[in-house]
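Peer 1: give me a 3D structure for the following:
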Amino acid sequence: MASNSLVGIFRVKELRERVLFTLTMLIIFRLGAVLPIPGININALKAYFLAQQNSGNAIVDYLDFFAGGAFSNFSIFMLGIMPYISMSIIMQLFLIIFPTLKKISEEDGGKKKIQSYQRIGTIAVCLIQSYAATVWADRIPNAVTMSKLSYTLIAMLTVTTGSMFLMWMGEQITKRGIGNGISLLIFAGIVARLPTALWQLVQKVQNKELNPVFVIVVFAMFAAVVALVVFEQQGQRKIPVHYAKRVVGRKMYGGQNTYIPFKINPSGVIPVIFASSLLTFPLQIASGIGSNVKWLADFSRWLSPHGIAYNILYTILIIFFAYFYTQVSLNPVEIAKNIRENGGSIPGIRTEKIEEYMMGILNRIILPGSLYLAVIAILPTIIQTLFNFPSSISYLMGGTSLLILVGVDLDTMSQVEALLKMHHHDGLVKKGKIRARNL
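Peer 2: Now for the predicted structure:
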């Protein structure tokens, strides 16, 4: 069945072109992740990170996780796609805070204006983060091969251009590929680092730095988490809706029973990505220029990815963005309005109370879903503390990476299956069906 499905993908011209285009973009992304920026001595960089391998560098490992290994390579894509995600969060908050922006977004062509503002803001975020990265690179012995001013200007221009190019690639994958462009770029970066992380794990077991029993326990834990993530991503609460019969001309409409599916976690992995991005921005600035400013150095140590403060903030932000993104993407007022306009009703609920009823259901299902996300997201820190796992391995094999891998994979499979069925082909699975996060 799997082979027939794969053959079916390449038999459909539209789907074949979309898959090949997506693969081409991902290959370009991975090539750019190892292409260093001008003025960097690669040998000095490798020697520095080799010396840091045993002691570990939590901040570099954390930034490397979202950049797909590009940060430690000081490549043109070293910032990854996170500046764009950070600016998208800021813009969503601005739309709520400033009524003028909200009004502009609702006008004809308003969304394009907001997107243009978001792109301009992304450039500003890239310039700030790239400057912090250049200051941090100056502390590595013999890493910079040109004058400080020339290197700073060239590095800022190169890294900013690389992140903007990644943003364009993500939009093209969404438009001309199989969708989820931004998420797929993060997905590809995580997958690309898994073989290296597994090899490091094998070496540590061989050198007797890790107990094999602990490794087996952790792998069993990861397998159980993957199963739970899949179960949680697919779970939904069905709200029954009954539409009354209507006579329009000589035809009769309505009269059927249907339901509105509310996911247990409607926002999927978006809260995790948003929370990580919002913490990455100040963390990189503080770690980059912290050696020159005392309070920034103290802040960088306080916000260490392994610290208690970081994980508390991480949990709070995940819960906040779970509610925030759900309210933006699923507006109970609009849903209730559409139900009423089409002559629908929810059994046992008065028509004017539909919004209140839906809001109550969303609030009840979002809280446990967001807490579940938060627990899985901080799992790498717990594993690293209990089993002495290296941070580079624990980041990639648990928590955020698992949520992103499973969530993006389910979304991508659902979109591919929808395209297959649209062209009268079988789906990707033999029984049941794959459900995307979006309603």
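Peer 1: which stretches of the protein have low pLDDT?
Peer 2: 1-8, 52-59, 245-255, 288-293, 387-399, 423-439 (pLDDT under 70).
Peer 1: what about 50?
Peer 2: In the predicted model of the chain, residues 1-3, 431-432, 435-439 satisfy pLDDT under 50.
Peer 1: how near is the most centrally placed residue in it to Lys337?
Peer 2: Centroid-nearest residue in the chain, with Cα atoms, centre = their mean: Ile273, separated by 3.9 Å. Separation of Ile273 from Lys337 (Cβ to Cβ, to the nearest Å): 30 Å. Heads up, the C-betas are built off the backbone N, CA and C, glycines and all.
Peer 1: which helix or which strand is home to the closest residue to Ala336 other than its chain neighbours?
Peer 2: Excluding its sequence neighbours, the residue lying closest to Ala336 (Cβ to Cβ, 6 or more residues apart in numbering) is Ile354, at 4.0 Å. Secondary structure assignment for Ile354, by DSSP states H and E: helix 354-377.
Peer 1: dump the residue contacts of Tyr314.
Peer 2: Contact analysis of Tyr314 by Cβ atoms under 8 Å, 6 or more residues apart in numbering lists 275-276, 279, 374, 377-378.
Peer 1: how about those residues in a markdown table, adding distance to Ala67 and neighbour count?
Peer 2: As requested, these are exported to a markdown table (distance: Cβ to Cβ, whole Å; neighbours: other Cβ atoms under 10 Å):
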| residue | distance to Ala67 | neighbour count |
| --- | --- | --- |
| Ala275 | 17 | 25 |
| Ser276 | 12 | 25 |
| Leu279 | 15 | 18 |
| Ala374 | 23 | 22 |
| Ala377 | 18 | 25 |
| Ile378 | 21 | 19 |
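Peer 1: can you put those residues in CSV and add distance to Arg16?
Peer 2: Below are these laid out as CSV (distance: Cβ to Cβ, whole Å):
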residue, distance to Arg16
Ala275, 37
Ser276, 34
Leu279, 40
Ala374, 40
Ala377, 36
Ile378, 41
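Peer 1: farthest pair within those residues?
Peer 2: Using Cβ to Cβ, the pair of the contacts of Tyr314 lying farthest apart is Leu279 and Ala374, separated by 13.2 Å.
Peer 1: I'd like to know how far the residue nearest to Ala336 sits from Gly360.
Peer 2: From Ile354 across to Gly360, the span is 11 Å (Cβ to Cβ).
Peer 1: assign a three-state SS to the nearest residue to Gly307 once chain neighbours are set aside, would you?
Peer 2: Using Cβ to Cβ, 6+ apart and skipping residues adjacent in sequence, the residue nearest Gly307 is Arg301, 7.9 Å away. Judged by DSSP: H, G, I helix; E, B strand; the rest coil, the three-state class of Arg301 is helix.
Peer 1: gap between Arg301 and Leu279?
Peer 2: Per Cβ to Cβ, Arg301 is found 15 Å from Leu279.
Peer 1: pull the distance from the helix holding Ile354 to the chain's centre.
Peer 2: Taking Cα atoms, centre = their mean, to the nearest Å, the mean C-alpha location of helix 354-377 is offset from the chain mean by 19 Å.
Peer 1: remind me which helix or strand Ile239 belongs to.
Peer 2: Ile239 belongs to strand 236-243, assigned by DSSP H and E.
Peer 1: so that strand versus helix 354-377, what angle?
Peer 2: Angle, strand 236-243 to helix 354-377, by axes from the mean of the first three to the mean of the last three Cα atoms, to 10 degrees: 160 degrees.
Peer 1: hang on, the earlier thing: residues touching the residue nearest to Ala336, list them.
Peer 2: By Cβ under 8 Å, 6+ apart, Ile354 lies in contact with 332, 336, 339-340, 345-346.
Peer 1: give me the neighbour count for Met422.
Peer 2: By other Cβ atoms under 10 Å, the residues close to Met422 number 11.
Peer 1: wait, Thr158
Peer 2: For Thr158, the neighbour count with other Cβ under 10 Å is 21.
Peer 1: against Gly189, how distant is it?
Peer 2: To Gly189, Thr158 is 19 Å away according to Cβ to Cβ.
Peer 1: what do you get for Ser300?
Peer 2: Where Gly189 is concerned, Ser300 sits at a distance of 23 Å (Cβ to Cβ).
Peer 1: swap in Tyr84?
Peer 2: According to Cβ to Cβ, Tyr84 stands 14 Å off from Gly189.
Peer 1: tell me where the stretch 151-300 of the chain has helices.
Peer 2: 181-206, 212-234, 270-289, 294-302 (DSSP state H, counting those that start in this stretch).
Peer 1: can I get those helices in JSON lines with distance to Phe324?
Peer 2: Output for those, formatted as JSON lines (distance: least, Cβ to Cβ, whole Å):
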{"stretch": "helix 181-206", "distance to Phe324": "18"}
{"stretch": "helix 212-234", "distance to Phe324": "19"}
{"stretch": "helix 270-289", "distance to Phe324": "8"}
{"stretch": "helix 294-302", "distance to Phe324": "25"}
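Peer 1: of those, which is nearest Val34?
Peer 2: Ranking these by proximity to Val34 (Cβ to Cβ) places helix 181-206 first, at 9.8 Å.
Peer 1: surely Pro240 touches Gln256?
Peer 2: No - assessed by Cβ atoms under 8 Å, Pro240 is found out of contact with Gln256, at 11.4 Å.
Peer 1: the more surrounded of the two?
Peer 2: Set Pro240 next to Gln256 and count neighbours by other Cβ under 10 Å: Pro240 wins out with 13 against 10.
Peer 1: who's in contact with the nearest residue to that one once chain neighbours are set aside?
Peer 2: Closest residue in space to Pro240, ignoring its immediate chain neighbours: Tyr259 at 5.1 Å, by Cβ to Cβ, 6+ apart. Residues in contact with Tyr259, defined by Cβ under 8 Å, 6+ apart, are 238-241.
Peer 1: would you mark the buried spots in the strand holding Ile239?
Peer 2: For strand 236-243, a neighbour-count test (16 or more other Cβ atoms under 10 Å) marks 236, 239, 241-243 as buried.
Peer 1: need the phi and psi values for Gly68.
Peer 2: When read as degrees, to the nearest 10, the backbone of Gly68 gives phi 70, psi 30.
Peer 1: what about it, how many residues nearby?
Peer 2: The number of residues near Gly68, taken as other Cβ under 10 Å, comes to 27.
Peer 1: count of residues packed around Lys111?
Peer 2: 12.
Peer 1: quick one: the closest residue to Val159 other than its chain neighbours and Thr258, what's the gap?
Peer 2: Leaving out its chain neighbours, the residue that sits closest to Val159 by Cβ to Cβ, 6+ apart is Ser130, at 4.0 Å. Distance of Ser130 to Thr258, computed by Cβ to Cβ: 50 Å.
Peer 1: between these two, which one's more packed in?
Peer 2: Neighbour comparison, Ser130 and Thr258: the larger count goes to Ser130, with 26 against 11 (by other Cβ under 10 Å).
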